[in-house]
Every structure is written in structure tokens, then in C-alpha cells.
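J.: can't give you the sequence, but here's the structure:
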Ligand SMILES: NC(=O)C1=CN([C@@H]2O[C@H](COP(=O)(O)OP(=O)(O)OC[C@H]3O[C@@H](n4cnc5c(N)ncnc54)[C@H](O)[C@@H]3O)[C@@H](O)[C@H]2O)C=CC1
Ligand SMILES: C[C@@H](CO)CCC[C@@H](C)[C@H]1CC[C@H]2[C@@H]3[C@H](O)CC4=CC(=O)CC[C@]4(C)[C@H]3CC[C@]12C
């Protein structure tokens with residue numbers, strides 16, 4: 001027991017620690033980072049579940065704060081050894097303005113970097129996204145690519161643009177001198193579409209299917225592959241890279257890593273059916289009924305309605321020209337960079353990831369949409 005407390009000396013800060021991914025990172029750190037003495041969980045909205053974590057050997061400090069406020073970020077970062085910056089505005093549906101998306105994703109990240117520099121925090125892990133690479137506006141496929149695969153990363157949408165800018169800031173900050181004279185060590189993880197317990201869009205599809213009498217209608221050809229990765233494995237990658245960043249700064253500093261695991265390559269809808277199928281939904285083939293041009297028309301109509309209704313109400317359906325383009329463009333990753341650089345192996349097999357997600361969807365059943 002004395003030994004366990006002796007080695008507990010590190011302070012970690014997780015921004016966005018109450019989000020879908022952030023909660024998994026927080027729980028994973030508590031389970032798998034034995035050197036942790038204090039875990040600071042920083043979020044705009046704190047979850048009530050944090051209370052139950054406060055009884056263990058690690059001091060869990062909940063900090064309600066806003067990454068766009070530099071002084072709040074600096075206060076939270078001061079004294080932390082490692083920052084895992086997952087906070088972000090994940091919006092491809094037009095719920096928030098482009099200005100707000102930039103404010104949170106870009107200015108918020110600048111604030112985190114400056115706080116590290118000012119307060120002397122040396123290790124920063126940034127949750128980036130596959131979206132910084134693609135799919136691009138031209139709809140070019142990215143087929144089982146890796147971190148070095150050439151791809152024309154051209155974006156117009158505020159979300160991928162903001163993530164790309166933020167990632168660049170984080171990588172450029174690698175090597176900057178922090179308070180005390182030592183260099184900052186940074187890296188970025190790029191998850192593909194994350195799924196698992198807590199995934200809001202999966203919940204939305206499930207409730208939509210229930211409303212449609214247990215059916216979902218195929219809109220995207222089964223041949224379009226979409227990269228997906230289980231949230232537990234993404235969280236594990238964050239924990240591992242944060243640890244190894246401290247041991248192998250020269251190798252890992254300034255690097256990007258796709259997040260990957262053994263999840264199969266499938267279309268977005270077929271992949272969702274791996275979980276929704278066992279929960280009683282079926283995917284109805286409607287290719288002949290709903291041609292792609294009609295989907296594009298519907299998506300454009302949704303965008304027009306969103307614009308027209310904006311003064312009165314927020315109309316933000318899942319289908320818009322951007323989400324349709326992303327769902328309809330092959331983007332899959334095949335890489336072992338994280339294994340080579342920091343020994344990453346997925347903690348959860350595909351079978352585990354699938355059954356955990358199914359169990360969660362079943363528990364969602366009956367809960368309000
Ligand atoms: N969901 C996905 O499929 C993917 C997500 N990502 C990235 O992973 C990160 C986490 O995403 P999710 O967990 O899916 O989103 P989420 O929306 O569930 O979590 C984001 C968290 O950040 C917090 N947050 C937002 N604005 C904030 C602010 N101004 N100050 C402090 N906290 C703030 C939110 O309250 C929320 O708890 C994001 O950076 C996102 O870009 C990357 C790839 C895929
Ligand atoms: C055409 C519809 C018919 O059923 C299906 C629409 C599905 C879309 C809402 C999703 C398809 C692909 C998703 C995105 C993708 O997984 C990559 C992402 C990475 C991120 O960093 C944030 C989330 C997202 C943009 C994700 C959002 C939802 C989709 C567009």
C-alpha cells in the first residue's frame with residue numbers, strides 16, 4: 001500500500017473530460033495509470049458521475065470551465081504534468097456558428113498551449129480527428145491509408161478546418177520552451193469515427209429506427225468504407241501516448257497518430273447495424289427507391305430550411321450536404337505507427353467492443369430520445 005502511494009505523483013488534466021470520449025479517458029486513466037496522484041477534469045458541463053470517482057486513491061478534481069477563457073485554462077493547467085486536450089465543439093450539423101466552432105476548437109487550443117508554456121507543463125496530447133485529413137471537398141477516397149499516405153486535404157466546413165488548424169498549432173508548439181526552461185512535448189491523435197457507450201449519434205439512429213417501426217433505410221452504398229474505432233481503444237491510446245510521451249519525447253514529440261483497432265471496414269450504416277441489428281432493428285435496402293441525386297436534393301433542402309428557419313428555431317437534422325459527402329466517401333485507415341512508436345495494442349477486441357456497445361444500446365432502449 002505504501003508503495004502504491006509512493007509512486008503516485010503525477011497530476012493529469014483532461015479537458016472535455018465529461019464528453020463522450022473524455023469520460024472514457026478519465027475512467028481509463030483511473031484504471032490504468034498507476035502513477036496518477038490527481039486527475040483534474042475540466043469541462044463546460046460537469047457530469048454527476050464524477051462524484052462516484054472521488055472515493056478512490058486518486059484525487060479527482062472537477063473544474064467547471066471554458067477553454068475559450070485563457071485565465072480559466074491557465075488556472076486549471078497550473079501544476080499539471082500532463083494535459084490531454086479532448087475538449088472541442090463537434091458540430092457538422094450547423095448547430096453552432098462557424099465563429100463559435102473556431103473560438104472553441106482553435107482559440108481554446110491556443111489557450112491550452114499558452115497555459116502549458118506559462119505554467120511549465122511539459123506534456124500535451126491533443127485529440128485531433130481523421131477529419132483533418134479527409135474526406136476532402138472533392139470526395140477523393142482514402143482507402144486504408146496511413147499517416148504518410150499522400151492525400152489532398154482541402155476543407156471548407158468549419159469543423160474540419162478548425163481541427164486542422166488546432167492540430168497544426170499543437171504540432172508547431174512541440175519544442176517550445178515552457179516556464180522553467182524545458183521543452184514542451186506534444187502530439188496529436190486522430191480518431192476515425194468513434195463508437196461505443198455514450199455515442200449520441202448511435203442513440204439517435206436507434207431511436208429513429210424505433211420510430212420507423214424497427215427499420216432503418218439504406219442510403220449509402222455498402223461498398224463505401226468508413227473508418228470506425230471503439231471509444232475504449234481511443235481512450236487507451238490517449239493514456240498510453242501520454243505515458244510514453246514522457247519517456248520517449250524525442251520519438252513521439254511532434255507526431256500524429258491515427259487511432260485504430262480491429263473494428264471491421266464497413267459502410268457507416270452497415271457498421272451501425274452490427275449493434276442496432278442485435279437490438280431489433282433491420283436495414284431496409286432502398287437503393288432503387290432513393291437514388292443518390294434525391295438524397296443530395298434532400299440534403300440541400302435541409303440546408304436551405306436550416307437557413308430559412310434560423311431566425312425562428314434551430315433545425316439541424318443529421319442529413320446535410322456535408323454529412324452526406326462524408327458518409328458517402330470511403331475513408332479508412334490501416335497503420336501500425338502507434339504500435340511501432342509506443343507499443344499500442346487495442347485493449348478491447350472487436351468482439352468485446354461490439355458486445356459492450358450492444359449492451360449499452362440495449363440499456364438505452366426505453367430511455368427518452
Ligand atoms: N466523436 C467522434 O467520432 C470524434 C471526435 N473527435 C474529437 O474528440 C474530441 C471529443 O469528442 P466527443 O467526445 O465526440 O465530443 P463531445 O461533445 O461528447 O465532448 C466534447 C466535450 O468538450 C466539452 N466542451 C465543449 N466546449 C467546451 C468549452 N468551450 N470549454 C470546455 N469544455 C468544452 C463539452 O462539454 C464536452 O463534454 C473532440 O475534440 C472531437 O473533435 C475526433 C474524431 C472523431
Ligand atoms: C446519410 C445518412 C443516412 O443514414 C447518414 C449520415 C451519417 C452522418 C451523420 C455521419 C457519417 C460519418 C460521420 C462523421 C465521421 O464519423 C467522422 C467524424 C469525425 C469527427 O471528428 C467528428 C464526427 C464526424 C464528423 C462524424 C459525424 C457524423 C457523420 C457525418
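T.: Received it, and whenever you're ready, just let me know what you need. Note that this is a predicted model, so its numbers are computed, not measured. Ligands and ions are numbered 1, 2, ... in the order given.

J.: residue ranges with poor pLDDT in the stretch 151-300 of the chain?
T.: 286-289 (pLDDT under 70).

J.: which residues does the residue in it positioned nearest to ligand 2 contact?
T.: Proximity of the stretch 151-300 of the chain to ligand 2 (Cβ to the nearest ligand atom) peaks at residue 193, 2.6 Å away. Glycine gets a C-beta too; all of them are placed from N, C-alpha and C. Neighbouring residues of residue 193 by Cβ atoms under 8 Å, 6 or more residues apart in numbering: 130, 226, 227, 228, 229, 268.

J.: mind listing the helices for this protein?
T.: 2-7, 20-32, 70-77, 98-102, 108-119, 158-172, 200-211, 231-247, 249-252, 268-276, 292-309, 321-327, 337-342, 350-364 (DSSP state H).

J.: tell me if the second one is near ligand 1.
T.: Yes - Helix 20-32 comes into contact with ligand 1 when judged by Cβ under 6 Å from any ligand atom, the residues involved being 20, 21, 22.

J.: of those, which is the nearest to residue 149?
T.: residue 21 (24.2 Å; Cβ to Cβ).

J.: not counting sequence-adjacent ones, nearest residue to that closest one?
T.: Nearest residue to residue 21, sequence neighbours excluded (Cβ to Cβ, 6 or more residues apart in numbering): residue 86, at 5.4 Å.

J.: so the one you found touches residue 17, yeah?
T.: Yes - with contact defined as Cβ atoms under 8 Å, residue 86 reaches residue 17; the gap is 7.2 Å.

J.: report the contact partners of residue 199.
T.: 20, 231, 357.

J.: kindly check the end-to-end length of stretch 194-207 for me.
T.: Taking Cα to Cα, to the nearest Å as the measure, stretch 194-207 stretches 19 Å from start to finish.

J.: now it: buried residues?
T.: Residues of stretch 194-207 classed as buried by neighbour count (16 or more other Cβ atoms under 10 Å): 194, 195, 196, 197, 198, 199, 201, 202, 205, 206.

J.: stretch 353-360 too?
T.: Quick answer for stretch 353-360 (16+ other Cβ under 10 Å): 353, 354, 356, 357, 358, 360.

J.: which residues are in contact with the second one?
T.: By that I understand residue 354. Counted by Cβ under 8 Å, 6+ apart, residue 354 has contacts 274, 275.

J.: beta partners of residue 125?
T.: residue 84, residue 187 (DSSP bridges).

J.: and it, how close does it get to residue 32?
T.: Taking Cβ to Cβ, to the nearest Å as the measure, residue 125 and residue 32 are separated by 15 Å.

J.: just want to know which of these two has more residues nearby.
T.: residue 125 (29 against 14; other Cβ atoms under 10 Å).

J.: next, count neighbours for the residue lying closest to residue 350 once chain neighbours are set aside.
T.: Distances taken as Cβ to Cβ, 6+ apart place residue 262 nearest to residue 350, at 4.3 Å, with adjacent residues excluded. Using other Cβ under 10 Å, the number of residues around residue 262 comes to 15.

J.: pretty sure residue 262 is touching residue 346, no?
T.: Yes - counting by Cβ under 8 Å, residue 262 sits close enough to residue 346 to count as a contact (5.9 Å).
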